[in-house]
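1. Compute the structure for the input listed below.
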Amino acid sequence: MDLQKPPSAPPPAPARPEGCLVVAVRLPVRIVVLVLVVPVRMVWDALVATGRLLRDTVLRPLGRALLWTGRALFVWPLVGLWRYVLVPAGKALGWLGHVLLVVPARLLHRHVLTPLGHAVALLARGIGAGLAWVYARVLRPVGHGLAWLLRGVGAVVAAVGLGVWTAVAWLARCLCVVPARLLYTWVLAPVGRAVAWCVRGLGRLLALLVTGIGLALYRTARVLLVLPALVLWRRVLAPAGRFLALVAREVGAALGHAWRVAGRISRAVGRVLRTLLRWILVEPVRWVYRTVLTPVGHALRAAVLRPVAAGLRTAGRIGREALVSARDTARQARAEFRRMVFGAPREPAAVDRQRAFGTPREPAAVDRREPAAHDTRTLGRSTTVLTKD
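-> Numbering: from 1, shown residues only. As a prediction, this is how the structure comes out:
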């Protein structure tokens, strides 16, 4: 069982002991920073709460309204323009371009350019065959003859040029190369070596002078500048920098600690204010709503609103039924008046043919656009929709 236990965490590193100077700087700095940071943190929390309230109640609905307005003003018109104007117009232009350009171009290529190209190709093949015959029978033999003649002339010219080049090369070697070699070996090389030895000696002398002057300047600058600056850095600037770094670090830590403490204080104050607001305003309003307004509203709904709604529904139903009854009565009156003035309607032609051929006649259904229901009021009945037989 001991072998299955997870390995224990490494022990934390021991904290570095702090001196009395750190504690003496830390306590007053934290007290001052806490006094200064608490109002700032409370104002910050108030601004954050106000910003969240404005975001949830004003900015977000306003943004949604602006988004919907932007869609209604820009996106939907552009979509409708693209879908119902530009796309059909593009299709129409494409069809028109196909009819006016592609089809004529295809017919021109198929019935004009292709036969013309075949004829031109046939003519070119005939001309090529004639030129090939001229080349093989005329130009090639002439070319071979000219090439043989030029090779003979070139061989003669090459022999003459080689002799002339040999003579010129011997004269140039005797007149230029041999004197130049003697001049370099017995004059220029010794003079150059002497000049190089002098330059090396002068360089060594200058190097010794520069080294001595540099060493003297280095010693002087080290004694006059480097050692005082090193003492100033070690004895003054480094301790002052460490003290300022300690103060800055403690101020930063105090700011963080004070900000966290101020946050807790701000949250506590916010809870107290929220509780006071709840018990002073929200709970009385809720109690009034639950104990006064809700029973009054229920009683008003049961005593007034529901009977009024039921009466309105009954009145509406009676009005609709009266309107339907009046419409049916008017339709029946128009049918009776039409029958009285113009007579009974004629029978269909199929019924006349059946009567002519002696087939049994069946009553034909005539659509006279009259109601087939028996619950409506007619001229011969005294019942209405609101009464029963």
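2. Residues touching stretch 267-281, excluding its own?
-> 42, 45, 49 (C-beta atoms under 8 Å, 6 or more residues apart in numbering). Backbone N, C-alpha and C define where each C-beta goes, glycine included.
3. now for the strand or helix carrying Pro307, which elements pack on it?
-> Counting by DSSP states H and E, the element that carries Pro307 is helix 306-342. For helix 306-342, not one helix or strand is in contact under the criterion 3 or more C-beta pairs under 8 Å, 6 or more residues apart in numbering; DSSP states H and E.
4. Can you list the buried residues in it?
-> Applying a neighbour-count criterion of 16 or more other C-beta atoms under 10 Å, one finds 325, 328, 332 buried in helix 306-342.
5. next one: stretch 111-129
-> Residues of stretch 111-129 include none that count as buried (16+ other C-beta under 10 Å).
6. ok, now stretch 129-139?
-> Under 16+ other C-beta under 10 Å, stretch 129-139 has no buried positions.
7. before we move on, back to that, show the buried residues in the contacts of stretch 267-281.
-> 42, 45.
8. Dump the contacts of stretch 267-281 into TSV; add secondary structure as well.
-> TSV is the format used below for the contacts of stretch 267-281 (DSSP: H, G, I helix; E, B strand; the rest coil):
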residue	secondary structure
Met42	helix
Asp45	helix
Ala49	helix
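9. following the helix or strand hosting Leu205, which helix or strand comes up?
-> Using DSSP H and E, the element containing Leu205 is helix 189-221. On the C-terminal side of helix 189-221, the nearest following helix or strand under DSSP H and E is helix 227-232.
10. same question for that following helix, mean pLDDT?
-> The average pLDDT within helix 227-232 is 89.
11. where in the protein is pLDDT low?
-> 1-26, 344-389 (pLDDT under 70).
12. Quick test: name the residue nearest the centre of it.
-> Val75 (17.0 Å; C-alpha atoms, centre = their mean).
13. so what's Leu78 up against?
-> Neighbouring residues of Leu78 by C-beta under 8 Å, 6+ apart: there are none.
14. Now it: phi and psi?
-> Note on Leu78: its backbone torsions stand at phi -70, psi -40 [degrees, to the nearest 10].
15. Ala92 versus that one, what's the distance?
-> 20 Å (C-beta to C-beta, to the nearest Å).
16. next one: Gly319
-> 54 Å.
17. swap in Phe74?
-> Applying C-beta to C-beta, the value for Phe74 to Ala92 is 26 Å.
18. Trp82 too?
-> From Trp82 to Ala92 the distance is 15 Å (C-beta to C-beta).
19. Then Ala194?
-> Here Ala194 is placed at a distance of 99 Å from Ala92 (C-beta to C-beta).
20. next one: Val324
-> Distance, Val324 to Ala92, by C-beta to C-beta: 51 Å.
21. Mind telling me what element Leu150 is part of?
-> helix 140-172.
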